[in-house]
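Trainee: pasting the sequence and the predicted coordinates here, then a few questions.
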Amino acid sequence: MKTFSIPVLSFALLSAAPLLADTPAASQAPPTSTPAATATGKESIPSVDSLVNQSFSLLINIQQTLAAAQDKESADKAAKTLEGIQKDIKHFQDIMNKLNDAEQEKAFELLEKMEERGKRLEESCKQEGKRLVKADFYNSTALKDVMNTSDEFSEFIEQDEEEGGPAAGGDEQEEE
């Protein structure tokens, strides 16, 4: 169950804390990215700017992974990719939790400036999710499971109540 309700996944990622330090792009971040990294002398934490960019990269990766599912084989492969992205999200959230209040506030301010971009990416993910529901996930039990059971991805296959349709469990048309 989600502990917050934020319209853009990027805000959700940042509010829960970062997980991208182990991703290839993040591992190349300079060791003195933030004051928190130098103050603790422990794991290097990417800069707030980098973390915000990484949150958008996660959304892009999710969208591209969903779009790549075109048949059972590619849907099974997408499921494995999404499981990897889930691990990245959890790691990203852990990093975000290590940021001090000022750094977290800066991250939210940056995200607010890029809110429209985040909404467009999220909407694209939802459209891909609807396509996958309509195609019955190309008979991929793995993809259906990861999409239905994951807090990170289930929102992309949920339909608005007024839309009805298969994902909502309703009919295509509403009675008036």
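Mentor: Received it, and whenever you're ready, just let me know what you need. Worth saying up front: this structure is predicted, and the values here are computed from it rather than measured.
Trainee: go ahead and confirm A69 touches L132.
Mentor: Yes - with contacts counted by CB atoms under 8 Å, A69 reaches L132, the gap being 6.0 Å. For glycine as for every other residue, the C-beta is placed from the backbone atoms N, C-alpha and C.
Trainee: okay, and the common contacts of those two?
Mentor: Among the neighbours of A69, those also in contact with L132 (CB atoms under 8 Å, 6 or more residues apart in numbering) are A75, Y138, L143.
Trainee: and the helix or strand where G118 lies, what does it pack against?
Mentor: Using DSSP states H and E, G118 falls within helix 115-134. Applying 3 or more CB pairs under 8 Å, 6 or more residues apart in numbering; DSSP states H and E, one finds that helix 115-134 contacts helix 9-16, helix 48-68, helix 141-149.
Trainee: may I have the second one as CSV, with CA atoms only?
Mentor: By that I understand helix 48-68. What follows is helix 48-68, C-alpha atoms only, in CSV (Å, rounded to 0.1, in the frame of the first residue of the first chain):
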residue,chain,number,x,y,z
VAL,A,48,19.9,16.7,-6.1
ASP,A,49,20.0,17.7,-9.8
SER,A,50,21.3,14.3,-10.7
LEU,A,51,18.7,12.6,-8.6
VAL,A,52,15.9,14.5,-10.2
ASN,A,53,17.2,13.6,-13.6
GLN,A,54,17.5,10.0,-12.5
SER,A,55,13.9,10.0,-11.4
PHE,A,56,12.9,11.1,-14.9
SER,A,57,15.2,8.4,-16.4
LEU,A,58,13.3,5.8,-14.4
LEU,A,59,10.0,7.0,-15.8
ILE,A,60,11.5,6.9,-19.3
ASN,A,61,12.8,3.4,-18.7
ILE,A,62,9.4,2.3,-17.5
GLN,A,63,7.6,3.8,-20.5
GLN,A,64,10.1,2.3,-23.0
THR,A,65,9.9,-1.1,-21.3
LEU,A,66,6.1,-1.1,-21.4
ALA,A,67,6.1,0.0,-25.1
ALA,A,68,8.5,-2.8,-26.0
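Trainee: which residues does A68 contact?
Mentor: With contact taken as CB under 8 Å, 6+ apart, A68 is in contact with S74, K77, A78.
Trainee: one more time with 6 Å, if that's ok
Mentor: With contact set as CB atoms under 6 Å, 6 or more residues apart in numbering, A68 has these partners: S74, A78.
Trainee: and for L132?
Mentor: With CB under 6 Å, 6+ apart, L132 has no contacts at all.
Trainee: and among the helices and strands packed on helix 115-134, the most buried is which?
Mentor: Most buried of these, by mean neighbour count (mean count of other CB atoms under 10 Å): helix 9-16, with a mean of 23.
Trainee: so which elements touch the helix ranked longest in the chain?
Mentor: Scanning the chain for the longest helix, with DSSP state H as the assignment, gives helix 72-98. Counting contacts by 3 or more CB pairs under 6 Å, 6 or more residues apart in numbering; DSSP states H and E, helix 72-98 packs against helix 9-16, strand 18-19, helix 48-68, helix 141-149.
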